[in-house]
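# All I have is the shape, not the residue letters:
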Ligand code: ATP
Ligand code: ZN
C-alpha cells in the first residue's frame with residue numbers, strides 16, 4: 001500500500017541510468033528520502049510525498065492513470081508510450097537536463113546512407129517501433145520495422161535487419177558492434193511529467209511547492225552570481241556583455257565618486273572570455289559565485 005490519500009506520489013526509476021540524478025534532484029530540492037524495508041516505495045519525511053521506485057517503462061502508465069501524480073522519465077520512453085495512446089496522458093512540467101541521449105538510426109560500416117530515403121524497403125530493428133514508424137512516415141519512407149526488446153545492436157550481425165534504431169549517448173557501443181550513426185529520430189533527456197487527472201486542493205498545494213523548489217534547483221544549475229566594480233562610463237557596455245542578465249543591480253561605491261559595484265545573476269554559463277571582455281570594458285575585482293538556492 002502506498003501512503004495516505006493526501007500525500008503525492010512521484011515515480012522515479014528504481015535502478016538505472018536515471019535513478020541517481022533523479023534522487024539527487026529531489027535531495028537538492030530539500031526532500032529527505034527515507035530508505036525503508038519496502039523497495040517499491042520510499043517515504044519523504046519532511047514533505048507530503050512518497051516516491052515509487054519502478055522500471056522506467058512503467059512510469060508513463062502510472063502517471064496517465066494518476067496512480068502517481070508525477071514522474072521522472074526519459075522523453076524517449078514517454079513519447080513512445082504516448083504514440084500508443086488515443087488521448088494525451090500527461091503534461092510535461094520541466095526538462096531536467098540529465099539522461100541526455102538520442103534515438104538514432106545506425107548502419108553497418110560500408111552501408112551507404114544519404115537521407116531517410118535510403119531506408120526504403122530495408123529492415124530496421126528497434127525497441128522504439130512507434131517513434132521509428134513516425135520518423136519513417138514523416139519522411140514518406142516505407143520500410144519494415146523489426147521490434148526487439150533489447151540487444152538491438154546485434155541485429156545486423158544476426159541478419160535480422162540491415163539498420164538499427166537505438167538509444168545512443170556516446171556511440172561507443174555502436175562502434176564496438178561495427179555500426180555508425182546515420183540519422184536522428186529523437187533527442188531525449190529526463191522530463192518531469194504530471195498527470196492530467198485533477199488533484200485535491202491539498203495535493204495541488206503540495207505540488208505547487210514541489211515544483212517551485214525543483215524549478216529553483218534547475219535555475220541555479222546554470223546560474224552564477226557575478227560582482228564587479230566599474231566606472232560609470234563602462235556600465236552600459238557591461239550590461240551588454242553579461243550573459244542572460246535582465247537588470248543588474250548598480251550600487252555607488254562609498255568614497256569613490258563615479259564608481260559603482262555591479263551585481264547580477266547570470267542565467268547562463270559565465271566563461272573566461274566573458275570575464276576578459278568585462279575587464280576590457282573597464283570592470284575590476286570581478287567575482288563569479290555559485291548560487292546555492294533561488295526562488296523566483
Ligand atoms: P529499467 O530497468 O528501469 O527498465 P532500462 O534498462 O530500460 O531500465 P536504462 O538503461 O537505465 O533503462 O535507461 C533509462 C533511460 O536513461 C533511457 O530510457 C534514456 O532516457 C536514458 N539514457 C541516457 N543515456 C542512455 C544510453 N546511453 N542508453 C540508454 N538509455 C540512456
Ligand atoms: Zn526500461
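Nice, thanks for sending it over. All values derive from a computational prediction rather than experimental measurement. Ligands and ions are numbered 1, 2, ... in the order given.
# Just the pLDDT for residue 265.
For residue 265, the pLDDT comes out at 92.
# just residue 211 next, same as before
Residue 211 is assigned 96 on the pLDDT scale.
# do residue 273 as well
Note for residue 273: predicted pLDDT of 92.
# Which strands or helices does the helix or strand where it lies pack on?
According to DSSP states H and E, residue 273 maps onto helix 272-280. With contacts taken as 3 or more CB pairs under 8 Å, 6 or more residues apart in numbering; DSSP states H and E, helix 272-280 sits against helix 235-241, strand 284-290. Yep, even glycine has a C-beta here, placed from its N, CA and C like the rest.
# I'd like the next helix or strand past the lengthiest helix in the chain.
Among the segments of the chain that qualify as a helix by DSSP state H, the longest is helix 201-222. On the C-terminal side of helix 201-222, the closest following helix or strand by DSSP H and E is strand 224-231.
# in that next one, what counts as buried?
By neighbour count on 16 or more other CB atoms under 10 Å, the buried set for strand 224-231 is 224, 225, 226, 227, 228, 229, 230.
# And stretch 117-129, by the same measure?
For stretch 117-129, by 16+ other CB under 10 Å, it's 118, 119, 122, 123, 124, 125, 126, 127, 128, 129.
# Where does the stretch 151-296 of the chain get nearest to ligand 1, which residue?
Nearest residue of the stretch 151-296 of the chain to ligand 1 (CB to the nearest ligand atom) works out as residue 169 at 3.3 Å.
# number of nearby residues for that residue?
The tally of other residues near residue 169 (other CB atoms under 10 Å) stands at 12.
# Could you measure from the closest residue to it other than its chain neighbours over to residue 35?
Nearest non-adjacent residue to residue 169, counting by CB to CB, 6 or more residues apart in numbering: residue 101, 4.3 Å away. Shown here: residue 101 relative to residue 35, a distance of 28 Å by CB to CB, to the nearest Å.
# who has more neighbours, those two?
residue 101 (19 against 9).
# my read: the more buried one touches residue 170, true?
No: if you go by CB atoms under 8 Å, residue 101 and residue 170 don't touch, sitting 9.1 Å apart.
# Show me the contact partners of the lowest-mean-pLDDT helix or strand in the chain.
When each helix and strand of the chain is scored by mean pLDDT, DSSP states H and E, helix 172-176 comes last, with a mean of 90. Contacts to helix 172-176, defined as CB atoms under 8 Å, 6 or more residues apart in numbering, come from residues 106, 153, 166, 168, 180, 181.
# list the buried ones in whichever helix or strand comes after it?
As assigned by DSSP H and E, the chain's next helix or strand after helix 172-176 is strand 179-188. Buried residues in strand 179-188, defined by neighbour count with 16+ other CB under 10 Å: 179, 181, 182, 183, 185, 186, 188.
# and the next helix-or-strand element following strand 179-188, what does it pack onto?
Downstream of strand 179-188, the next assigned helix or strand under DSSP H and E is strand 190-195. Judged by 3+ CB pairs under 8 Å, 6+ apart, the packing partners of strand 190-195 are helix 59-65, strand 70-74, helix 75-82, strand 90-95.
# Adding mean pLDDT, mean neighbour count and distance to residue 31, write the ones you listed out as JSON lines.
Output for those, formatted as JSON lines (pLDDT from 0 to 100; neighbours: other CB atoms under 10 Å; distance: least, CB to CB, whole Å):
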{"stretch": "helix 59-65", "mean pLDDT": "98", "mean neighbour count": "21", "distance to residue 31": "18"}
{"stretch": "strand 70-74", "mean pLDDT": "98", "mean neighbour count": "28", "distance to residue 31": "12"}
{"stretch": "helix 75-82", "mean pLDDT": "98", "mean neighbour count": "21", "distance to residue 31": "22"}
{"stretch": "strand 90-95", "mean pLDDT": "97", "mean neighbour count": "16", "distance to residue 31": "15"}
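# Give the buried residues for stretch 51-58.
Buried residues in stretch 51-58, counting neighbours by 16+ other CB under 10 Å, are found at 51, 52, 53, 54, 56, 58.
# what residues does that stretch touch?
Residues from elsewhere that reach stretch 51-58, judged by CB under 8 Å, 6+ apart: 2, 9-16, 18, 26, 33, 39-44, 62, 67-68, 73-74, 77.
# In helices, which of those residues fall?
26, 62, 77.
# which one among these gets closest to residue 257?
residue 26 (49.9 Å; CB to CB).
# Now for the residue nearest to the closest one when sequence neighbours are not counted: which residues touch it?
Spatial nearest neighbour of residue 26, chain neighbours left out: residue 33 (6.5 Å); criterion: CB to CB, 6+ apart. The neighbourhood of residue 33, defined by CB under 8 Å, 6+ apart, consists of 23, 26, 27, 42, 43, 44, 51.
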